[in-house]
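A.B. asks: Turn this into a model:
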Amino acid sequence: MPYLNTSLLNKNIRVINLPRRVDRKDNVIRELLKHSIIPSKSGHCQIVDGFDAKEQGFTKAENALKKVGFTKQFYSYSPNKELNLGRMGCTISHMRILKEAIDEQLDNIVILEDDVILRTDEFHLPPSGLCYLGGLVENRWNPNLFQEEKWHIVKDFKVWGTHCYLIEGKKEISELYHALLRYSPRAIDAMFVKVAQVSRFKKTDCHYLYPTIAKQNYKLLSDVSHIYPKKPQLSKKLLDTTDEKQHEDTIENEEVK
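C.D. replies: Residues are numbered from 1 along each chain as shown. All right, here's what the predicted structure looks like:
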């Protein structure tokens, strides 16, 4: 079944990039241009400076979390301080964009991270709410979960990664932002997992596009991802559906609390 009806060209796109990561900026510009998406300072596709918590330090990162609305302390589930700073900066960056989208009263927002690889810019018309255009699936219940090319309700599986997602609907952007503020801040994809799984915090379902249109460029070093080589028991198998076939990947395990 071909992709129909809409494109990233019809959406408001914000790309998160740390100014010191020129390599990742080059990557995302190259990917966007492949699909005739031209980033600019004021157009529909903008590259936004992310919050660099590693350079700013823990105190400034804590203050930045408060400015985007969090009232609780950052949940640091890793003993690696540098990794926790990277995750703090990532969460701040995503929340800033959501807040700005609310302030600008945008009808939709696509958020990309600068390590994204875009297979295509076209996809089925999305439902309202949080829609994953990329992400790794953790599924322990149904090995044959995806049989059709369509949007799937995130119900019997979890989606990890925030390198490419869409929020469709002005009201839905605000609802997601305020739902996230109910939690202790942590890695942003872990917060999305929580929101997607807890029905009382969402008024619309979250959806996952199969196959996805985006994956991550794992050759680019990340400030937020790390697997402890001495603790393989912390890894879990995930499914990458970008290429319409099952690939396995691993990420660091976390109990979402």
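
A.B. asks: Report the mean per-residue pLDDT for stretch 117-132.
C.D. replies: Across stretch 117-132, pLDDT averages out at 95.

A.B. asks: Likewise for stretch 57-67?
C.D. replies: For stretch 57-67, the mean pLDDT works out to 97.

A.B. asks: contacting residues around that stretch?
C.D. replies: Stretch 57-67 has contacts (C-beta atoms under 8 Å, 6 or more residues apart in numbering) with 51, 53, 56, 73-74, 85, 88-89, 91-92, 185. To be clear about C-beta, it is placed using only N, CA and C from the backbone, and glycine gets the same treatment.

A.B. asks: Report the central residue of the protein.
C.D. replies: In the chain, the residue lying closest to the centroid (C-alpha atoms, centre = their mean) is Thr162, at 1.4 Å.

A.B. asks: tell me the contacts of that one?
C.D. replies: Counting by C-beta under 8 Å, 6+ apart, Thr162 has contacts 90, 94, 111, 113, 135, 188-189, 192.

A.B. asks: sorry, back to before: select from the contacts of stretch 57-67 every entry located in strands.
C.D. replies: Nothing among the contacts of stretch 57-67 maps onto strands, per DSSP state E.

A.B. asks: Which ones among these lie within helices?
C.D. replies: Among the contacts of stretch 57-67, the ones falling in helices (DSSP state H) are 53, 56, 85, 88-89, 91-92.

A.B. asks: Among those, which pair sits farthest apart?
C.D. replies: Gln56 and Thr91 (13.4 Å; C-beta to C-beta).

A.B. asks: sorry, back to before: if we take the contacts of Thr162, which one ends up nearest to Glu31?
C.D. replies: Glu113 (11.1 Å).

A.B. asks: and Arg30, how many neighbours?
C.D. replies: When neighbours are counted by other C-beta atoms under 10 Å, Arg30 registers 11.

A.B. asks: Please determine how far it is located from Gly134.
C.D. replies: 17 Å (C-beta to C-beta, to the nearest Å).

A.B. asks: likewise His152?
C.D. replies: Counting by C-beta to C-beta - His152 and Gly134 are separated by 14 Å.

A.B. asks: the more surrounded of those two?
C.D. replies: In this view His152 and Gly134 are compared by other C-beta under 10 Å, and Gly134 has more residues nearby, 26 against 22.

A.B. asks: Return the helix or strand in the protein with minimum mean pLDDT.
C.D. replies: Every helix and strand of the chain was ranked by mean pLDDT, DSSP states H and E. The lowest is strand 247-252, at a mean of 40.
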